[in-house]
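Trainee: Predicted model, plus sequence, below.
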Amino acid sequence: MNLKEHIRVVPDFPQPGIRFKDITTLLNNGPVYKEVIDRLANHYRGQGIDLVAGPEARGFVIGAPLAYALGVGFVPIRKSGKLPGETIEAGYDLEYGKDKLAMHKDSIRPGQKVLIADDLLATGGTISTTINLIRQLGGDIVGAAFLIELTYLNGKDKLEGIDVLSLVQY
Ligand SMILES: O=P(O)(O)OC[C@H]1O[C@H](OP(=O)(O)OP(=O)(O)O)[C@H](O)[C@@H]1O
Ligand SMILES: Nc1ncnc2[nH]cnc12
């Protein structure tokens, strides 16, 4: 199955010069969405993963079904101001803007093996912030899994020492 055929590329969104990789067209197709989650789950099954963590919002769309497929818990990493409990927070830059992410302090226990999941790796800002937060809580990061990697933005360089898997590259 060629996953790229199911991803819509939208020029100049959300700002001029950005070629936006729209995964809603892929999510709309049940067998293709299932194939994405199955491929990721097959890669990580048997690695002793305790939790999958994914950043809001598109990280939930990949991370939560992946956690379900692996039979482990899911940790939502949310944009600042959304979580009701005690949080740790960190700011970061994106391909098109700035944001701040937060996690509940009690969402990961020290030593737990955590897999990070998101739809797309671009500059790596979101995931390096996610790594930073998980490490502050003592989580042991097993790897980072993406549907898409924009290799021309060299996000992997920011994720030194982390095992990165992506199913589709641009
Ligand atoms: O590697 P980076 O340069 O950090 O970019 C990748 C991130 O950008 C997008 O999320 P966005 O912040 O647009 O939020 P959304 O998931 O709520 O659409 C995407 O889902 C990744 O999380
Ligand atoms: N080009 C892009 N397409 C979709 N999501 C993104 N997040 C950061 N850059 C992106």
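Mentor: Structure received. Ligands and ions are numbered 1, 2, ... in the order given.
Trainee: secondary structure element for Val9?
Mentor: strand 8-11 (DSSP states H and E).
Trainee: Show me what that strand is packed up against.
Mentor: Packed against strand 8-11, as judged by 3 or more C-beta pairs under 8 Å, 6 or more residues apart in numbering; DSSP states H and E, are the following elements: strand 19-22. (Glycine included, C-beta is placed from N, CA and C.)
Trainee: pLDDT weak spots in this structure?
Mentor: Residue ranges of the chain with pLDDT under 70: none are present.
Trainee: Write out the residues of it neighbouring ligand 1.
Mentor: 55-59, 94-95, 99, 118-126, 155 (C-beta under 6 Å from any ligand atom).
Trainee: still on that earlier bit, what pairs with the strand holding Val9, and is each one parallel or antiparallel?
Mentor: For strand 8-11, the paired strands and their directions (DSSP bridges) read strand 19-22 (antiparallel).
Trainee: Alpha carbons of whatever helix or strand comes next after the partner strand, in CSV - could you do that?
Mentor: Following strand 19-22 in sequence order, the next helix or strand is helix 24-27 (DSSP H and E). Taking Å, rounded to 0.1, in the frame of the first residue of the first chain, the C-alpha atoms of helix 24-27 are listed here in CSV:
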residue,chain,number,x,y,z
THR,A,24,-7.2,14.0,7.0
THR,A,25,-7.5,12.3,3.6
LEU,A,26,-5.6,9.3,5.0
LEU,A,27,-7.6,9.2,8.2
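Trainee: Going by neighbour count, which residues in helix 24-27 are buried?
Mentor: Leu26, Leu27 (16 or more other C-beta atoms under 10 Å).
Trainee: Give me the distance from that helix to the chain's centre.
Mentor: 16 Å (C-alpha atoms, centre = their mean, to the nearest Å).
Trainee: Contacts for the very next helix or strand once past it next, please.
Mentor: Going down the chain from helix 24-27, the next helix or strand is helix 30-44, by DSSP H and E. Here helix 30-44 makes contact (C-beta atoms under 8 Å, 6 or more residues apart in numbering) with 1, 3, 6, 26-27, 62, 65-66, 69-70, 115, 117, 142-143, 145, 147, 165, 167.
Trainee: Next, see if the helix or strand just after helix 30-44 gets close to ligand 2.
Mentor: Next in sequence after helix 30-44, counting helices and strands by DSSP H and E, comes strand 51-55. No - judged by C-beta under 6 Å from any ligand atom, strand 51-55 makes no contact with ligand 2; its nearest approach is 10.9 Å.
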